[in-house]
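K.L.:
Provided below are the primary sequence and the corresponding predicted coordinates.
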Amino acid sequence: MTGSGWDRPRILEAGRKALETEIAGLKEVLSRLDGGFTDAIELLFNLKGRVVVTGIGKSGLIGRKIAATFSSTGTPAIFLHPVEAMHGDLGIMARGDVVIAISNSGETQELNALLPLFKAREVPVIALTGNPDSTLGRFSKVVVNTRVSKEACGLGLAPTASTTAALAMGDAMAVVLLEMRHFNEEDFLRNHPAGTLGERLKVEVKEVMLTGEKLPLVRTGSLVEDMLRELDAKGLGAVLVLDGDETLAGIVTDGDIRRALIKYNDLPHRSVEEVMTRNPKAILPETMAAEALELMEKHLITVLPVVGMKGKLVGIVHLHDLLGKGQFRFVV
């Protein structure tokens with residue numbers, strides 16, 4: 001029993017009732033899905049600009065989510081707040097765009113004030129509304145009916161089932177457009193680089209490191225000219241230097257070479273030990289990729305040798321191997 005006097009069964013029953021009301025609302029919307037939906041999809045599929053989603057209050061919050069879903073699934077979209085639109089943000093719109101306007105009543109003053117402005121810019125409007133005969137419904141080129149009989153709120157005042165209906169309709173539109181455009185998993189991942197990166201960083205370094213013939217290696221006692229050939233051949237911007245027992249003696253990076261060029265006139269004929277950095281930063285193969293990336297960021301380096309417990313070299317990891325080569329582009 002809670003302080004309100006409600007016991008656990010009563011709480012569960014109230015929750016079930018709310019969910020049942022929302023489900024019933026969605027079934028209503030599904031039952032009346034008609035040519036308005038088809039017209040909306042055709043308009044959106046053939047648009048030359050962007051989808052501009054607008055709404056205010058709870059409808060505005062739903063609109064932001066719909067715009068985000070469209071953008072991530074191959075349909076460029078932005079959210080436009082009706083009030084901010086009246087204070088300059090309307091400038092983001094252009095001919096070729098399509099508006100999706102969300103209002104359950106269809107009589108939201110702040111939203112309807114924009115309708116003549118949309119018309120002046122020759123931007124068609126798709127209305128998601130529970131009242132097709134409203135001002136918004138009559139003005140719009142296409143109406144998608146999202147009417148529900150009742151809200152889940154016992155007072156019938158708080159937007160609940162109606163906003164769920166609008167959200168579900170936005171999802172349905174995005175999914176249909178996704179399928180019509182043959183939008184695939186690779187397309188989706190290109191729009192979610194952070195998600196791709198997050199998955200890559202959950203693995204151990206040994207799963208992304210380079211090994212075997214891909215390793216840029218020279219032995220102690222080698223000449224710099226031999227090291228330069230290996231540097232050029234492997235293309236990682238660094239060469240690892242090994243002792244005779246396969247332990248890591250040092251690393252030579254592009255920076256080490258630049259400094260050595262200033263110091264030595266006969267650099268190619270010098271010993272690699274004279275230019276290498278001894279005791280370089282290194283990691284264990286069981287280290288998480290996220291930790292490797294953090295270490296690289298901290299020390300401003302792009303490669304890390306990977307060594308076993310006794311210092312034996314087992315691989316090397318490059319920044320590109322952590323981020324996904326070709327998937328991320330840095331602009332400076």
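P.N.:
Noted; the coordinates are in hand.
K.L.:
C-alpha from now on. contacts and neighbour counts both.
P.N.:
Will do.
K.L.:
where does the chain have low pLDDT?
P.N.:
Filtered on pLDDT under 70, the chain yields the residue ranges 1-3, 185-201, 324-332.
K.L.:
residue boundaries of the strands in this protein?
P.N.:
51-54, 77-80, 98-102, 125-129, 142-145, 217-219, 238-242, 248-253, 277-278, 303-307, 313-318 (DSSP state E).
K.L.:
and the fifth one, how far from the chain's centre?
P.N.:
In other words, strand 142-145. Strand 142-145 sits 30 Å away from the centroid of its parent chain (C-alpha atoms, centre = their mean, to the nearest Å).
K.L.:
Identify the residues contacting that strand?
P.N.:
Residues from elsewhere that reach strand 142-145 (C-alpha atoms under 8 Å, 6 or more residues apart in numbering): 29, 32-33, 36-37, 39-40, 125-132, 137.
K.L.:
Where is the longest helix in the chain?
P.N.:
Determined from DSSP state H, the single longest helix within the chain is helix 8-31.
K.L.:
Please name every helix or strand in contact with that helix.
P.N.:
helix 161-180 (3 or more C-alpha pairs under 8 Å, 6 or more residues apart in numbering; DSSP states H and E).
K.L.:
Show me which positions of the helix it packs on end up buried.
P.N.:
161-171, 173-175, 177-178 (16 or more other C-alpha atoms under 10 Å).
K.L.:
do stretch 43-50 as well
P.N.:
43, 44, 45, 47, 49, 50.
K.L.:
So the fourth one versus residue 177, what's the distance?
P.N.:
In this structure, residue 47 and residue 177 are separated by 12 Å, where distance is defined by C-alpha to C-alpha, to the nearest Å.
K.L.:
Next: the last one.
P.N.:
The span separating residue 50 from residue 177 equals 14 Å under the rule C-alpha to C-alpha.
K.L.:
List the residues that are in contact with both of those two.
P.N.:
residue 75.
K.L.:
picking that back up, which of the contacts of strand 142-145 ranks first by neighbour count?
P.N.:
Within these, most neighbours by other C-alpha atoms under 10 Å means residue 128, with 31 neighbours.
K.L.:
Which strand residues bridge that one?
P.N.:
Counting by DSSP bridges, residue 128 forms beta bridges with residue 102, residue 144.
K.L.:
just to revisit the earlier point, with distance to residue 10 as added columns, please give the buried residues of stretch 43-50 in TSV.
P.N.:
Listed next are the buried residues of stretch 43-50 as TSV, based on distance: C-alpha to C-alpha, whole Å:
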residue	distance to residue 10
43	47
44	45
45	47
47	50
49	51
50	47
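K.L.:
State the pair within the buried residues of helix 161-180 that is farthest apart.
P.N.:
161 and 178 (25.5 Å; C-alpha to C-alpha).
K.L.:
quick one: contacts of stretch 25-34?
P.N.:
Under C-alpha under 8 Å, 6+ apart, the answer for stretch 25-34 is 144, 145, 146, 147, 148, 149, 150, 161, 162, 164, 165, 168.
K.L.:
Oh, that last question was meant for stretch 275-284, not what I typed.
P.N.:
205, 241, 248-253, 256-257, 260, 292, 304-309.
K.L.:
buried ones in that stretch?
P.N.:
275, 276, 277, 281, 282, 283, 284.
K.L.:
Starting from residue 280, give me the distance back to residue 51.
P.N.:
52 Å.
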